[in-house]
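> Predicted model follows, preceded by the sequence.
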Amino acid sequence: MKILMRLLVAVALILGLAGAAGPATAHPRFSALVFSKTAAFRHDSIPAGVTAIRQLGAAHGFTVDATEDAAAFTDANLARYDVVIWLSTTGDVLDDAQQAAFERYIRAGGGYAGIHAASDTEYDWPWYGGLVAAYFRDHPGAVNPQFQTATVKVLGRGTAATRDLPRRWVREEEWYNFRTNPRHTVRVLAEVDERTYDPRGYSVPGGSPGMGRHHPISWCQPYDGGRAFYTAMGHKAEYYSEPLFLSHLLGGIRMAAGVARFDCGR
């Protein structure tokens, strides 16, 4: 009996030490800046997105600052962060000097995570277009519902952004169509299945076409010395309470920050 009790105590101590060490090992600390300036359409979900990312940081061991001030884009300030998260930014949000500082930040090995309307941003800055990989074109809304439930096909489920997701993920979203298909330059993490909703967008009378059989909705890529992750999901405030979406977002942020494996070659 004494031998059995000693064994049970030893196992309990080992499990206790493993539990104490686990979170620090699983979630290395890093710093994130959330940038949500808008110069065109403004999503009312931005406050919910900022709150959700702050909560993810508190739960998973990374610090979060948030700003809508483009003056934060200086060499000295950006150097404080492992990843800059562009949360539903729109329009022309940085001047030439701020753009140059962000380019230097990425070239020095920084991380970029774009959420939803980050692809509806800086159309006249080709370098940013390469970073986000595809500009927003339109979404359903003129001839069909703006928000539709569709099936997302999750690809490469071994990444931090996809490992908790089902292979076929059914959810509601405002499904973006893009000006170009980035699949030949990025690693696509998820596609939306156009057979499960009406993808026709509003930019052409009668409805512009969708993107066809392979319609990327989330991807990642190494870019100009840094790391880039983008997800087109995240329009509504309530989406930032969805456990699966938050897992996807957290994984993408960690990948872009360089603390999760970044296997994002094409």
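Received the coordinates, thanks. Numbering: from 1, shown residues only.

> now the strands for this protein?
Listed from the start of the chain, the chain has strands (DSSP state E) covering 30-35, 62-67, 83-87, 111-115, 136-138, 148-154, 168-173, 177-178, 187-192, 216-223, 226-231.

> Kindly present those strands as a markdown table, with separate columns for mean pLDDT, mean neighbour count and distance to residue 100.
From N, CA and C alone the C-beta is placed, and that goes for glycine too. Compiled in a markdown table, the strands of the chain are given as follows (pLDDT from 0 to 100; neighbours: other C-beta atoms under 10 Å; distance: least, C-beta to C-beta, whole Å):
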| stretch | mean pLDDT | mean neighbour count | distance to residue 100 |
| --- | --- | --- | --- |
| strand 30-35 | 98 | 20 | 16 |
| strand 62-67 | 98 | 18 | 18 |
| strand 83-87 | 99 | 26 | 15 |
| strand 111-115 | 99 | 27 | 15 |
| strand 136-138 | 98 | 19 | 24 |
| strand 148-154 | 98 | 19 | 36 |
| strand 168-173 | 98 | 16 | 34 |
| strand 177-178 | 98 | 22 | 26 |
| strand 187-192 | 98 | 24 | 28 |
| strand 216-223 | 98 | 23 | 16 |
| strand 226-231 | 98 | 25 | 15 |
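
> Pass me the low-pLDDT residue ranges in this structure, would you?
In the prediction, the chain carries residues with pLDDT under 70 at positions 1-28, 266.

> The same query, at a cut-off of 50, please.
Low-confidence regions of the chain, defined by pLDDT under 50, span residues 1-25.

> Now do the same contact list for the closest residue to residue 207 other than its chain neighbours.
Closest residue to residue 207 apart from its sequence neighbours, by C-beta to C-beta, 6 or more residues apart in numbering: residue 200 at 3.2 Å. By C-beta atoms under 8 Å, 6 or more residues apart in numbering, the residues touching residue 200 are 140, 142, 143, 144, 207, 208, 209, 210.

> Can you tell me which of those has the most neighbours?
Of all the contacts of residue 200, the highest neighbour tally under other C-beta atoms under 10 Å goes to residue 140, namely 24 neighbours.

> Look up phi and psi at it.
The phi/psi pair for residue 140 (degrees, to the nearest 10) reads phi -60, psi 150.

> Next up, the contacts around it.
146, 148, 174, 175, 197, 198, 199, 200, 201, 202.

> Let's see which of the residues you listed end up in helices.
Of the contacts of residue 140, none are assigned to helices by DSSP state H.

> can I get the contacts of residue 200 in a markdown table with distance to residue 265?
A markdown table is the format used below for the contacts of residue 200 (distance: C-beta to C-beta, whole Å):
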| residue | distance to residue 265 |
| --- | --- |
| 140 | 32 |
| 142 | 37 |
| 143 | 38 |
| 144 | 36 |
| 207 | 35 |
| 208 | 31 |
| 209 | 30 |
| 210 | 27 |
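
> before we move on, back to that, could I get the strands of the chain in JSON lines, plus columns for distance to residue 127?
JSON lines is the format used below for these (distance: least, C-beta to C-beta, whole Å):
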{"stretch": "strand 30-35", "distance to residue 127": "16"}
{"stretch": "strand 62-67", "distance to residue 127": "21"}
{"stretch": "strand 83-87", "distance to residue 127": "14"}
{"stretch": "strand 111-115", "distance to residue 127": "11"}
{"stretch": "strand 136-138", "distance to residue 127": "17"}
{"stretch": "strand 148-154", "distance to residue 127": "29"}
{"stretch": "strand 168-173", "distance to residue 127": "28"}
{"stretch": "strand 177-178", "distance to residue 127": "18"}
{"stretch": "strand 187-192", "distance to residue 127": "20"}
{"stretch": "strand 216-223", "distance to residue 127": "9"}
{"stretch": "strand 226-231", "distance to residue 127": "11"}
